[in-house]
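Colleague: Got a sequence here, can you build the structure:
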Amino acid sequence: MEIIQHQKWRMMRFSFRNATIVVCLFNLLCALLLLQGFLSASSNRKLASNQLDAGLLRHMKESEEMRRAMEPLELMKRVREIEQEAYGEPETFQQKVTKQTAAVDLSKRLKGSLSSGDAATLKVLEEWRKRKMERARQRELEKNGTVTS
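Modeller: Numbers count the residues shown, from 1 in each chain. Below is the predicted model of the structure:
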């Protein structure tokens with residue numbers, strides 16, 4: 001009789017329903033432990049990555065400051081000034097300036113030669129000057145004619 005009671009007690013204690021509940025509780029417990037492990041690992045990674053990011057950002061800022069400190073700022077400013085001087089003025093103005101300086105130089109040379117020259121050289125220089133003036137007028141007329149056409 002004892003064997004029968006023992007078997008009944010065992011059947012009651014380990015029925016399919018009880019076994020299913022035990023297995024489900026075990027699965028829930030395992031799932032909670034795994035979930036806790038994943039969450040704690042990700043939070044640890046976030047903390048470590050934040051510290052890594054902070055260190056990386058600090059390093060990047062330092063290297064950027066070093067790069068900027070090594071730039072020749074005064075030289076770059078001077079180059080910009082020179083470029084503005086060279087390209088800021090129109091070419092026609094620069095051409096006029098060079099023509100004017102050449103004309104002034106030529107007139108000084110002519111005045112110097114006139115003061116020390118004789119009548120023949122004066123006559124030749126005057127003819128040469130008239131021809132130059134005529135050629136300049138013709139060029140101006142051609143330019144004006146091509147511009148208006």
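
Colleague: what pLDDT, on average, does stretch 74-81 get?
Modeller: Averaged over stretch 74-81, pLDDT sits at 87.

Colleague: try stretch 20-36
Modeller: On average, stretch 20-36 scores 95.

Colleague: ditto for stretch 136-148
Modeller: Regarding stretch 136-148, the rounded mean pLDDT is 78.

Colleague: Check what contacts that stretch and list those residues.
Modeller: Outside stretch 136-148, no residue is within contact range by C-beta atoms under 8 Å, 6 or more residues apart in numbering. Where C-beta positions appear, they are placed from N, C-alpha and C, glycine not excepted.

Colleague: what comes up buried for that stretch?
Modeller: For stretch 136-148, burial by neighbour count (16 or more other C-beta atoms under 10 Å) applies to no residue.

Colleague: list the helices and strands the longest helix belonging to the chain packs on?
Modeller: The longest helix of the chain (DSSP state H) is helix 16-70. Contact here means 3 or more C-beta pairs under 8 Å, 6 or more residues apart in numbering; DSSP states H and E; on that basis helix 16-70 packs against no helix or strand.

Colleague: any idea which helix or strand comes after that helix?
Modeller: Going down the chain from helix 16-70, the next helix or strand is helix 73-88, by DSSP states H and E.

Colleague: could I get that following helix in PDB with only the CA atoms?
Modeller: C-alpha atoms of helix 73-88 as PDB (Å, rounded to 0.1, in the frame of the first residue of the first chain):
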ATOM      1  CA  LEU A  73      48.900  82.800 -41.000                       C
ATOM      2  CA  GLU A  74      51.000  85.900 -41.600                       C
ATOM      3  CA  LEU A  75      52.300  84.500 -44.800                       C
ATOM      4  CA  MET A  76      48.800  83.600 -45.900                       C
ATOM      5  CA  LYS A  77      47.600  87.100 -45.200                       C
ATOM      6  CA  ARG A  78      50.500  88.600 -47.100                       C
ATOM      7  CA  VAL A  79      49.800  86.300 -50.100                       C
ATOM      8  CA  ARG A  80      46.200  87.400 -50.100                       C
ATOM      9  CA  GLU A  81      47.200  91.000 -50.100                       C
ATOM     10  CA  ILE A  82      49.600  90.500 -53.000                       C
ATOM     11  CA  GLU A  83      46.900  88.700 -54.900                       C
ATOM     12  CA  GLN A  84      44.400  91.500 -54.300                       C
ATOM     13  CA  GLU A  85      47.000  94.000 -55.400                       C
ATOM     14  CA  ALA A  86      47.800  92.000 -58.500                       C
ATOM     15  CA  TYR A  87      44.300  91.000 -59.600                       C
ATOM     16  CA  GLY A  88      42.100  93.600 -57.900                       C
END
